[in-house]
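Undergrad: just coords:
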């Protein structure tokens, strides 16, 4: 224990203690013969020189042995080696310091919650993330107050699960900070059962706002890239189309001009005119043939159809357009039907369709000032087992006089519109074996554009 | 207005022809129709080689050349023509307005560079300019060959006198240089002026320049 052997240790008297190296105050050891015995009989710690040349920590408890007159005859002391305990305490302190730093660095806060007593524990970093001062006493009410209104129902769901004894929790939630900033947090927790029988939900919450932002930016860039790649291919193809179509086109123009000149002569040369017109017809057909051939080619080159979940596509579009929608003060709600069969399609093309429909709706809601601009993307499976995506707005609706031309190429009601958006949408949906149509909402203002795609049934 | 004027001048001098080199049959036919409607004689070729093999009439002419030809492209063919000493004005046509190509073509002396499909008026303007250029060049060449002919008829002594006179020397100086009397110089000079059909010294200097006779000092 002391490094000396037991026999020697037993024989050590108070004088021997004097030989001990006392290193810490207020450690005082009573020495035999002294009139004023130490009030405390429980010394906290003392260091004892060990034979190995290293100090170890001891807790000593000197007890005075009194004579008949009550005087101290002898001091007896029991030394308990607490060196290992001290090392462990130090390690614990260090470990706590590490944890605090790590939490700060990783924007991760520690949380514990006892569902039975509703006691909460938050680490420093949790307070930081939640944006509360350390003086505030954490509670479920406080958490609810911070969670984004749209995510409160989900948090309640997690709380209910915990009350019912769920073992694990892993979910994401948004926090709406007092300054309007939105934080994304990832919460992970487990039920811990202590020896005392007490149970707690212990875990961590991580601020993943930056990573979510980066992910959204990455997604946007990837989509843009996919689009750019496709455009580049389209560019190459269109250069060859340009030449192939331009040749007969130039011939048609030259023949037409020749006809005008022949006809404006004093005695029009009808033979020449007839010859030129025959060639115009021939070249026109040739140009049409080139276009038919190229379209077949484009379709083949662009075929990137895979199994897709339309709800994924809808939420990707929602993420992509989040900024634009916020800028236009449009609230987008997603109502995805659950357990929907997959469809076979081209992700980017279908994204383009939904983006087009959403942006059209946003335009249609521009004039709306007397009510919140609300947009709804809903999916469902119809009786014919088709997957239907509907984009519903509460905008100005479709004027009766334009309803028939909505999907015609180059028809636009917008001053700067090209009028190809809806026509492209319809041809993409058509390529996917589906159909696209539009109706005005019956009981409320606005219009609904929807498309149905055949589902992939096993 | 301009078109009308052109038609009038055509009637005065209809001896001219437009050549077309384009590998596309539709374009060959269409250009034939268009140029006929503009009252030009037209001859079309499918390749540059076919054009080179044909016998070119000695009348004002120009070449309408597609920049995109199988085998040898329009720019290369322009180069071949220049190296073969065939000085025919070229109007280029291109399917896709390629700026670097058009710059190259214009630098190499092309008359114009028209994107297909072109406006007939633009083509007519280009052809008019091309044929006018060729006519001027031919006229100049005709004058030059006449001058050469006259110059060749001069005696060696008269050629010497021509060179010295057009260099600005006085008869006295010429006599001194040639070591003959001034009166002899005057006689040579008179014959020379008559043979060259020069009306004045200025006229003679211009002829000497055209013939490339070096001045002696």
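TA: Noted; the coordinates are in hand. Just so it is clear, the model here is predicted, and its values are computed rather than measured. Residues are numbered from 1 along each chain as shown, chains lettered A, B, ... in the order given.
Undergrad: got the contact list for the helix or strand hosting residue B:187?
TA: Assessed by DSSP states H and E, residue B:187 sits inside helix B:182-195. With contact meaning C-beta atoms under 8 Å, 6 or more residues apart in numbering or on different chains, helix B:182-195 is reached by B:150, B:153-154, B:157-159, B:161-162, B:165, B:171-172, B:174-175, B:178, B:204. Backbone N, C-alpha and C define where each C-beta goes, glycine included.
Undergrad: buried stuff in that helix?
TA: Neighbour counts over helix B:182-195 (16 or more other C-beta atoms under 10 Å in any protein chain shown) mark B:185, B:188, B:189, B:192, B:193 as buried.
Undergrad: quick check: residues of chain B near chain A?
TA: For chain B, the contact set with chain A under C-beta under 8 Å from any C-beta of the partner chain comprises B:24, B:26-27, B:29-31, B:33-34, B:36-38, B:68, B:93, B:95-96, B:116-120.
Undergrad: list only buried entries from the residues you listed.
TA: Buried, going by 16+ other C-beta under 10 Å: B:24, B:26-27, B:29-31, B:33-34, B:36-38, B:68, B:93, B:95, B:116-118, B:120, out of the residues of chain B next to chain A.
Undergrad: picking that back up, how far out from the middle of the chain is the helix holding residue B:187?
TA: Distance of helix B:182-195 from the chain centroid (C-alpha atoms, centre = their mean, to the nearest Å) equals 34 Å.
Undergrad: what is the subsequent helix or strand relative to that helix?
TA: Following helix B:182-195 toward the C-terminus (DSSP H and E): helix B:201-211.
Undergrad: what about that following helix, distance to the chain center?
TA: 20 Å.
Undergrad: which positions in it come out as buried?
TA: B:204, B:205, B:207, B:208.
Undergrad: separation between the last one and residue B:160?
TA: Note on residue B:208: its distance to residue B:160, by C-beta to C-beta, to the nearest Å, is 13 Å.
Undergrad: for the second one, same thing?
TA: Distance, residue B:205 to residue B:160, using C-beta to C-beta: 16 Å.
Undergrad: pLDDT weak spots in the stretch 301-450 of chain A?
TA: A:301-303, A:408-420 (pLDDT under 70).
Undergrad: so where do the strands sit in it?
TA: Taking DSSP state E, counting those that start in this stretch, the strands of the stretch 301-450 of chain A run over residues A:306-308, A:330-335, A:343-345, A:373-381, A:386-393, A:435-440, A:447-454.
Undergrad: distance between the last one and the chain's centre?
TA: Its chain's C-alpha centre and that of strand A:447-454 lie 28 Å apart, by C-alpha atoms, centre = their mean.
Undergrad: who's in contact with it?
TA: A:310, A:343, A:345, A:353, A:357, A:360-361, A:364, A:382, A:384-393, A:395, A:397-398, A:425, A:429, A:432-441.
Undergrad: wait, what's in contact with residue A:428?
TA: So residue A:428 contacts A:346, A:349, A:350, A:352, A:353 (C-beta under 8 Å, 6+ apart).
Undergrad: distance to chain B and neighbour count added to these, as TSV?
TA: Formatted as TSV, those follow (distance: C-beta to the nearest C-beta, whole Å; neighbours: other C-beta atoms under 10 Å in any protein chain shown):
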residue	distance to chain B	neighbour count
A:346	29	19
A:349	28	21
A:350	33	26
A:352	28	19
A:353	32	30
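Undergrad: how is chain B divided into domains?
TA: For chain B, automatic domain parsing gives the domain ranges B:2-139, B:150-211.
Undergrad: adding mean pLDDT, write the ones you listed out as a markdown table.
TA: Converted to a markdown table, these look like this (pLDDT from 0 to 100):
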| stretch | mean pLDDT |
| --- | --- |
| domain B:2-139 | 85 |
| domain B:150-211 | 92 |
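Undergrad: mind checking which of the ones you listed is nearest residue A:283?
TA: domain B:2-139 (4.9 Å; C-beta to C-beta).
Undergrad: which of the buried ones among the residues of chain B next to chain A fall within strands?
TA: Among those, the residues falling in strands (DSSP state E) are residue B:93.
Undergrad: and the helix or strand harbouring residue B:164, which residues are buried?
TA: Following DSSP H and E, one finds residue B:164 within helix B:156-166. Buried residues in helix B:156-166, counted by 16+ other C-beta under 10 Å: B:158, B:160, B:161, B:162, B:163, B:164, B:165, B:166.
Undergrad: again with stretch A:440-458
TA: Buried, per 16+ other C-beta under 10 Å, within stretch A:440-458: A:445, A:446, A:447, A:448, A:449, A:450, A:451, A:452, A:453, A:454, A:455.
Undergrad: off-centre distance for it?
TA: On C-alpha atoms, centre = their mean, the centre of stretch A:440-458 falls 28 Å from that of its chain.
Undergrad: quick one, what contacts the most centrally placed residue in chain B?
TA: Centroid-nearest residue in chain B, with C-alpha atoms, centre = their mean: residue B:137, separated by 2.5 Å. Contact analysis of residue B:137 by C-beta under 8 Å, 6+ apart lists residue B:87.
Undergrad: burial measure for residue B:63, as a count.
TA: When neighbours are counted by other C-beta atoms under 10 Å in any protein chain shown, residue B:63 registers 27.
Undergrad: that one belongs to a helix?
TA: No: counting by DSSP: H, G, I helix; E, B strand; the rest coil, one finds residue B:63 to be strand, located in no helix.
Undergrad: quick one: contacts for it?
TA: The neighbours of residue B:63, taking C-beta under 8 Å, 6+ apart as the test, are B:18, B:19, B:20, B:21, B:51, B:81, B:88, B:89, B:90, B:91.
Undergrad: can I get those in a markdown table with distance to residue A:123 and neighbour count?
TA: Below are the contacts of residue B:63 laid out as a markdown table (distance: C-beta to C-beta, whole Å; neighbours: other C-beta atoms under 10 Å in any protein chain shown):
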| residue | distance to residue A:123 | neighbour count |
| --- | --- | --- |
| B:18 | 90 | 25 |
| B:19 | 90 | 19 |
| B:20 | 86 | 24 |
| B:21 | 84 | 24 |
| B:51 | 88 | 21 |
| B:81 | 86 | 19 |
| B:88 | 90 | 19 |
| B:89 | 88 | 23 |
| B:90 | 83 | 24 |
| B:91 | 83 | 24 |
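Undergrad: so which of the residues you listed is the closest to chain A?
TA: residue B:20 (10.7 Å; C-beta to the nearest C-beta).
Undergrad: list phi and psi for the closest one.
TA: When read as degrees, to the nearest 10, the backbone of residue B:20 gives phi -130, psi 130.
Undergrad: and it, what does it touch?
TA: Counted by C-beta under 8 Å, 6+ apart, residue B:20 has contacts B:27, B:28, B:31, B:32, B:35, B:42, B:43, B:44, B:45, B:63, B:64, B:65.
Undergrad: scan chain B for its longest helix.
TA: When chain B is parsed with DSSP state H, its longest helix is helix B:120-152.
Undergrad: and that one with helix B:156-166, angle?
TA: Going by axes from the mean of the first three to the mean of the last three C-alpha atoms, to 10 degrees, helix B:120-152 is angled at 120 degrees with respect to helix B:156-166.
Undergrad: list the buried residues in helix B:120-152.
TA: B:120, B:123-128, B:130-135, B:147, B:150-151.
Undergrad: for chain A, state which of those is nearest.
TA: Closest to chain A, out of all of those and judged by C-beta to the nearest C-beta, is residue B:120, at 3.8 Å.
Undergrad: quick check, the closest one in contact with residue B:33.
TA: No: contact criterion C-beta atoms under 8 Å: residue B:120 and residue B:33 do not qualify, at 10.8 Å.
Undergrad: which residues are in contact with each of the two?
TA: A:254, A:258.
Undergrad: quick check: residues of chain A near chain B?
TA: Neighbours of chain B within chain A, by C-beta under 8 Å from any C-beta: A:239, A:242-243, A:246-255, A:257-259, A:261-262, A:272, A:275-276, A:279, A:282-283, A:286.
Undergrad: I am finished for the moment; much appreciated.
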